[in-house]
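Colleague: here is the input, now give the coordinates:
(one chain, ligands or ions: 1)
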Amino acid sequence: MTAEGTSAEGTTAAPAKLGTRRSTMATTQSQGVADTITERTGQAIELELITSFGDVTKAHLTQLGGTGVFVNALRDELVAGTIDFAVHSLKDLPTTPAEGLVLAAIPERDDPRDALCARDGLKFADLPAGSQVGTGSPRRVAQLSALRPDLVYVPIRGNAETRLGKVASGELDAVVLAYAGLGRVGRRDSVTDVFEPEQMLPAPGQGALAVECRTERADTDLAYLSSVDHPATRAEVVAERTVLSELEAGCAAPVGAYAECTGGRLRLRAAVVATDGATAVRRERTVDIASPEDLDTAVGLGRDLAREMIAEGADRIVAEAFAERDTP
Ligand SMILES: NCc1[nH]cc(CCC(=O)O)c1CC(=O)O
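Modeller: Numbering: from 1, shown residues only. Below you'll find the predicted structure:
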């Protein structure tokens, strides 16, 4: 016997609310994750646009004092229950876990490399000495300075369109951005060169996304989020982010880390480079990993590599970079 009002139609679930920043990059990556979840589970999802402090402030990103300016607004909404889950760029997530929240899924990573967008289709090696290269990231400035100390690195911020506009207008000769982000805003055609990990290591988590929700909902009503989890990517980013946390550094630190989990092995490369590019500690290590779900191995790899780097002075380079940042 079916009572009136509890019929199948009556219990049709409302679409889940996915909270996202308003930028083109954020909405594109959020919509991509939403579409994949819907494809795999049938769950309907709608985007809810949230404004974050990092999106409105004019302060230079490295001057904001602390990580997570892009994620805090979304986390507030998760805790308040106004949204069901959020999609972040993993690179922007502080390494300290947020209380009551969990990364329910880490989808398969996009291209992790950094990309050069230069005038006249120029490659990095072909930029004339003295060329003005825009980037706001200490990690990029440090590694680029190590490769080409003869170029001038100019701090910039703003979204990808704004940055590319400075090349188009002739204000800058080139800008360096994440390849994955350029793809998401439909500007892959502006890329004139890409940096292989041998030249420049990406930021920990670059190119990857994180799906976050309240802890108690991950295994219950939001269990469908696990449909987009990619264990190999999770092992990689866990190893990369452990380097960052062991060095007590954040997203504004000159730390590159890149892990690859394939064929039962987890390889991790990391670099800490002084802002002028002159001093650097670079290490790599590979371990066997029976299953990508074995996150203890990923954490152990990150920790061991970071400790080796600290023994070689990596923590001093990080401390100096922060001291420079905090001195106006
Ligand atoms: N810090 C901003 C940010 N966060 C994520 C990306 C790019 C996409 C990604 O790395 O996943 C960017 C822009 C950039 O670094 O060019």
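Colleague: A118 touches A125, doesn't it?
Modeller: No - look at A118 against A125 with Cβ atoms under 8 Å: they stay out of range, at 10.7 Å. All C-beta spots, glycine's among them, are computed from the backbone N, C-alpha and C.
Colleague: looking at these two, which has the bigger crowd around it?
Modeller: Per other Cβ atoms under 10 Å, whichever of A118 and A125 has more neighbours is A118, with 22 against 8.
Colleague: does the more buried one have beta-bridge partners, and which?
Modeller: A174 (DSSP bridges).
Colleague: so where's the chain uncertain?
Modeller: 1-12, 52-68, 251, 327-328 (pLDDT under 70).
Colleague: which non-adjacent residue is nearest the residue of it found nearest the ligand?
Modeller: Closest to the ligand within the chain is G181: 3.0 Å, counting by Cβ to the nearest ligand atom. Once flanking residues are discounted, G181 sits nearest to M25: 5.4 Å by Cβ to Cβ, 6 or more residues apart in numbering.
Colleague: what about that neighbour, neighbour count?
Modeller: Neighbour number of M25 under other Cβ under 10 Å is 21.
Colleague: I'd assumed it was in a strand, is it?
Modeller: No - secondary structure of M25 (DSSP: H, G, I helix; E, B strand; the rest coil): helix, not part of a strand.
Colleague: isn't it up against V185?
Modeller: Yes - using Cβ under 8 Å, M25 makes contact with V185 at a distance of 5.3 Å.
Colleague: and for the two, which residues touch both?
Modeller: Common neighbours of M25 and V185, counting by Cβ atoms under 8 Å, 6 or more residues apart in numbering, are 159-160.
Colleague: got a list of what the closest residue to T233 other than its chain neighbours touches?
Modeller: Spatially, and ignoring its direct neighbours in sequence, T233 is nearest to R109 (4.6 Å; Cβ to Cβ, 6+ apart). Contacts for R109 (Cβ under 8 Å, 6+ apart) come out as 207-208, 230, 233, 236-237.
Colleague: for E77, give me phi and psi.
Modeller: phi -70, psi -40 (degrees, to the nearest 10).
Colleague: how many neighbours does it have?
Modeller: Residues near E77, counting by other Cβ under 10 Å: 17.
Colleague: can you check the one 3 residues further on too?
Modeller: A count of neighbours around A80, defined by other Cβ under 10 Å, yields 8.
Colleague: begin at 7, not 1, for the rest of this chat.
Modeller: Understood, numbering begins at 7; the last thing we discussed is A86.
Colleague: spatially nearest residue to T34, not counting backbone neighbours?
Modeller: What sits nearest to T34 in space, not counting adjacent residues and going by Cβ to Cβ, 6+ apart, is R190, at 4.5 Å.
Colleague: okay, and the beta partners of A111?
Modeller: The partner residues for A111, given DSSP bridges, come to V217.
Colleague: cool, and V279?
Modeller: With DSSP bridges as the rule, V279 is bridged to A286.
Colleague: strands of this protein, start to end?
Modeller: With strands called from DSSP state E, the chain shows them at 22-27, 51-56, 91-95, 107-111, 120-124, 138-140, 158-160, 180-184, 199-201, 215-220, 261-268, 271-279, 286-294.
Colleague: can you name every helix or strand that the fifth one contacts?
Modeller: Helices and strands touching strand 120-124, by 3 or more Cβ pairs under 8 Å, 6 or more residues apart in numbering; DSSP states H and E, are helix 166-174, strand 180-184, helix 185-190, strand 199-201.
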